[in-house]
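S.K.: Can you look at this prediction? I've put the sequence above it.
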Amino acid sequence: MTANFMIMDVMRAFYWFDEGLQSALKARGWQSISRSQSIMLANIALDIKRPADLARNLGISRQAVSKMLQEMTEDNLLSIEADPNDKRAQIVNFSEESVKLRADALEILGELELQLGKRIGAGSLKAFRNALSKDWGPPPQITIS
């Protein structure tokens, strides 16, 4: 028996967008990036910029984040600099070389939304966006007895 929880639908939606994005970026001649790197870029776009915060948000070790950031820096996707407010910490930013990639990605994501609206209807797309954009508050503390 397969459980059908809303989280599964949200994950399928994320994969649909990510696969569409990856395919279109590749068609435009960009290097392939892994889903993990795609999620890392999305977190940085959400203004999560310290490696420790990225690790916590992604649920992976700081070492794994460090390795991924090093690879993405070598691929000219990211830059890492000292945090001006805390010299012990680092800040991750998009590199200057990634400006065109980010512009292409935003254009592609916009087109994917348009295509999704055509497939599921503008009203459904608006309701989906509205539900996802609401402040859900912190996750509830659920105990099973």
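M.R.: It's in. Numbering: from 1, shown residues only.
S.K.: Could I get the phi/psi values of residue 75?
M.R.: Listed backbone geometry of residue 75 is phi -90, psi 10, with angles given as degrees, to the nearest 10.
S.K.: Equivalent analysis for residue 82, please.
M.R.: phi -70, psi 140.
S.K.: which element is the nearest residue to it once chain neighbours are set aside on?
M.R.: On the basis of CB to CB, 6 or more residues apart in numbering, the spatially nearest residue to residue 82 that is not a chain neighbour turns out to be residue 90, at 6.3 Å. For glycine as for every other residue, the C-beta is placed from the backbone atoms N, C-alpha and C. Taking DSSP states H and E as the definition, one finds residue 90 inside strand 86-94.
S.K.: residues making contact with the helix or strand that comes right after that strand?
M.R.: Next along the chain after strand 86-94, taking DSSP H and E as the criterion, comes helix 99-120. Judged by CB atoms under 8 Å, 6 or more residues apart in numbering, the contacts made with helix 99-120 from elsewhere in the structure are 16-17, 20-21, 24-25, 28, 30, 45, 77, 94, 125, 128.
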